[in-house]
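[1] dropping a prediction and its sequence here:
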Amino acid sequence: MPLSVRTTETLAEAAALLATERAARFLAGGTLLMRAVNEGDVSFSLLVRTRDPNFVRMRTAGGRIELGAGVTMARILAARELAFLHAPARAIGGPAVRSMATVGGNLFAEHPYGDFAAALLALDARVQLATGFGPREIPLEEFLRGRDRHPRALVSAVVFERPSDPAAFRFHKMTRTRPKGAAVLSIAAHLPLSGGRITGARVAYGAMGKTPIRARAVERALEGRPLSPEGIAPAVAVAAEGTDPPTDSLASAWYRRRVIGVVLRRLLLGEG
Amino acid sequence: MVTAVSFTLNGTAVAAVAEPAETLLSVLRHRLGDTSPKAGCLQGTCGACTVLLDGEPVLSCLLLADAAEGRRVETVRGLADGPTLHPLQEAFMDRFAAQCGFCTPGMIMAAKALLDRNPNPTREEVIEAISGNVCRCTGYLPIIEAILEAARRLAARR
Amino acid sequence: MRIRKELFADERDDDLAIVGKPVRRQDIEGHVTGRTTFFDDRLVPGLLHIRCVRSTHDHARIRAIDTREAERVPGVRRILRWADLPKKAHNILTIFNFGIDDEPALADGKVRYRGEPIVAIVAESLRAADEAVAKVRVDYDPLPAVFDVEEALKPDAPLVNEYIGRNWFRYWGDYDCQQIRFGDVEAAFRQADVIVEGRYQMSPIEHAPLETQGCIVVPGEDGRFTVYTCTQGLHFSLDNTAAQLRLDTNRLHFIGGTVGGGFGGKVDTVVEPLAVLAAMLTGRPVRYVFTRAEEMQVSSPRGAERVYITDGVTRDGRILARKIVHYHDAGAYSRLSTYGTIKSAAHHPGPYWIPNVWVDSFCVFTNRTPSSAMRGFGVTGGDFALESQMDAVARAIGMDPLELRIKNAYRDGDMKAHRKLTEGAALIECIQVAAELARWPLSEEARSASSRIGGGGDRGRVPPTPPARTRLSDRGEGERGRETSRIDAAERPSARATTPPPSWLRSEARAVEARAVEDGARRAAEGGEGRRREEQEPPEPPRPASGHGALRFSSVFGSRRR
């Protein structure tokens, strides 16, 4: 059956269409879905898009940031008030990919992609889902855990708190080639300091599991510690805990587990 | 079932019929006869299909054609001013920045997007600008040199 | 760039018009203006498209292929099978009367590598072809597969290619490999102070051209087929397409010459025969272009090569003997690997004068993607091994690696192992210039060495070479490969140990020893082919360089004293 396209006015209409049409997939930037089309994937035959302005809206004033799922990496890079997100946004593809790839799409990117999702995970983002019955909001971590069971879920936006100190948010992507390359692994960390000690650390990994994951053991080991070589040593020691990295053409699982502590230490000490 | 799409291609208003899910690359190549953007990987990885959409580099192999509706599309075919080549084209020729030539149209358009926005780029900015474009022949150094050279020639012209 | 005109000045007229001066490529204006016409830039109306159903197994018998559902997909015009092929198996070198027709263009009831084409769908659109591909049901009976050259040479290894009849290519009717015999390596090993063994392995390398391979075939009114193609060998591909389709060559008109990156990967003539056949059977123009995934998975890569080198060396850095066993992984079909193997033997023992040389170069079949040409195939893998080995030799005897190379470099008048006299040697001068540019200190002796001095004389003669039972008809078809060509260490009398390396080299030499032992231990832990060797000869830790016996540096078994 030839591929067809439906464009809806609202996110709710798109969600309803996706809920009823098994052969439908939602098209945003196209950097994932159109690859599948071009490589001969015939498991879907309807592309659903939306013109809903909420889908591409950015709300960046104040402490609460809302990024429409259709916001591109290029728009994030153009937004000065989102400077803390520029490193993960620049980690996505080259300039042409970034002018197409979206925030929402990155949440669906399969290993080894999804570096921006890792960054959002470290920001403790919540995902707004459009459904036929109205919007729903769930933690990104929960969304990622169930993602592969719901290929037709429609993300409308992600929401998160702006880091009180932009320097508290760090991101590093390790690649074989520079400046652009798929991830050997990526690390995002939010490390608020209180009296020189970390309180409420959030650390997330890309390419260290089927989806981006939180590094809970590292977070626990950082709690109340200073960002010093001695202070972070226990966290580095448990860097690979809870990870299940795939083996692919970029790196073996063994290598990823072996090197994650090195990259984590550099990130935490600001040597990245 | 077909749809119609119209946009400005290299300064000229064009219109074409297209299948609903046809890519901009396919419309440019097969409907409008501009075969300068290439189908290298069709995966958004090689950059050979790069064209400018309202001045921004996009991957025409991953973009549905109607995304260009009413907008401005530029390809390497539109770069020369009559018989006078664009400094990027001249510099690519002088610096031996093309061998097989397959990546060249996308490479030059990625470079043009950079120079239009940033006429005096650093070497690192040049590398970043073409980071989404793969060349398997040259090893990139002549390309980087050619883009820097083009920037110098453009500056001298101003 | 600077041209060293002072070197060999008397050997040429100093009238270089182009070398050293920037020139424009003649085709570059087309490239920068987007006017260069690649094969896929031909706009042909009414095209049909080909996509292949490809094997999901590395090795399997095909019990049944069910295309009934696929035939019903709207837009499908024809499904090509093995039965449709005018010639049931082909190899691109048999048009030169070399090799064996060993590869069916579509599976002949068996698949021998993952991704092998089984049937070809010819449809009105790529989408229709893709849908039909998804609907073809192939019933496989999986067979054991072999992926390692040395495993493939074992008597009980699964037979990969029935057309070849064995997992190695038979050269010149009576040899299981391409051979060089020059002097007496065994006698020379007994004279050596140090034996250095190395094992070198290259993985397959994909050319990854920006333009994937493909062609467009247009049937003409006159019964001819115009083929727009990206082949690197226009006449070669025309002849091979005609041979495969049993057509007179004047029925084909190939148009090419513009290749979107080739690197050797576009000579195998894989797409043209199927596309012409489809055009013949449908009367329509046909386009067959690999997807990027196909280009990566099923187009021929540079083959994997494994090279074992054993050198007998004197303490002062003369290589007395070099013994090489070279395995070329052809994958499931010959393509050009039979030739690549000949090239590998022709390149050994490297650009050095070594008075005793022994080479066995095997073309081995495995259930991997068929390998073929890529930029000096046969030679590049050998060079990687040879030059890595030269560094290992230098470390083992504590000599500067460039001095070692200059000392052993071919000079004019030297007899090569292939019975050709060396002329126009220039390696020494290249190394001298490279050392100068790299500010690498060379001894006075190395700096004053010349390719024109010191060669010839005794070095210009073919040494006495013992008769060897190397023909299959002499020794039968038993075990082969390194097992039969191993040096028997027990035969080698003790030789004096090397002097310790200079201090600046010592840590490096130790590192090499340590790595060799680590490698052995790792292989033992991993099992597989590594374990097999370890069972025969367990690794031992290196011992201090004292006592008797030639010091043996080995990345194969670890370092030990004999």
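    Yep, it's here.

[2] pull the contacting residues for residue A:95.
    Applying Cβ atoms under 8 Å, 6 or more residues apart in numbering or on different chains, we find residue A:95 in contact with A:74, B:57, B:110, B:113, B:114, B:128, B:129, B:131, B:132. Bear in mind the C-beta positions are built from the backbone N, C-alpha and C, glycine included.

[3] list the buried residues for stretch C:449-467?
    Within stretch C:449-467, the residues scored as buried using 16 or more other Cβ atoms under 10 Å in any protein chain shown are C:449, C:451, C:452, C:454, C:455, C:456, C:459.

[4] stretch B:50-69 now?
    Residues B:50-53, B:56-68 are the ones in stretch B:50-69 that count as buried (16+ other Cβ under 10 Å).

[5] ranges for the helices of the stretch 101-250 of chain A?
    Here the stretch 101-250 of chain A has its helices, by DSSP state H, counting those that start in this stretch, at A:103-108, A:115-122, A:140-146, A:216-222, A:229-237.

[6] the residue lying closest to residue C:312 once chain neighbours are set aside - how many residues pack around it?
    Counting by Cβ to Cβ, 6 or more residues apart in numbering or on different chains, residue C:312 lies nearest to residue C:192, which is 3.2 Å off, once chain neighbours are set aside. Per other Cβ atoms under 10 Å in any protein chain shown, the neighbour tally for residue C:192 reads 22.

[7] wasn't residue A:25 part of a helix?
    No. Counting by DSSP: H, G, I helix; E, B strand; the rest coil, residue A:25 is not part of a helix but strand.

[8] list the contacts for residue A:156?
    Taking Cβ under 8 Å, 6+ apart as the contact definition, residue A:156 lies against A:11, A:52, A:54, A:55, A:68, A:69, A:104, A:128, A:129, A:130, A:135.

[9] which of the residues you listed has the most neighbours?
    Going by other Cβ under 10 Å, residue A:69 tops these with 29 neighbours.

[10] sorry, back to before: so which of the buried residues of stretch B:50-69 sit within strands?
    Judged by DSSP state E, strands contain the following of those: B:50, B:51, B:52, B:53, B:56, B:57, B:58, B:59.

[11] my read: the last one touches residue B:53, true?
    No. Taking Cβ atoms under 8 Å as the definition, residue B:59 is not a contact partner of residue B:53, at 10.0 Å.

[12] could the contacts of residue A:156 be laid out in TSV, adding distance to residue A:114?
    Putting those into TSV (distance: Cβ to Cβ, whole Å) gives the following:
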residue	distance to residue A:114
A:11	22
A:52	24
A:54	23
A:55	20
A:68	18
A:69	14
A:104	12
A:128	18
A:129	18
A:130	21
A:135	23
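
[13] close to chain C: what parts of the stretch 51-200 of chain A are there?
    Counting by Cβ under 8 Å from any Cβ of the partner chain, the stretch 51-200 of chain A comes close to chain C at no residue.

[14] hang on, the earlier thing: right, and out of the contacts of residue A:156, which lies closest to residue C:316?
    residue A:104 (69.8 Å; Cβ to Cβ).

[15] quick one, what contacts that closest one?
    If you count contacts by Cβ under 8 Å, 6+ apart, residue A:104 has them with A:28, A:68, A:69, A:70, A:155, A:156, A:157, A:158.
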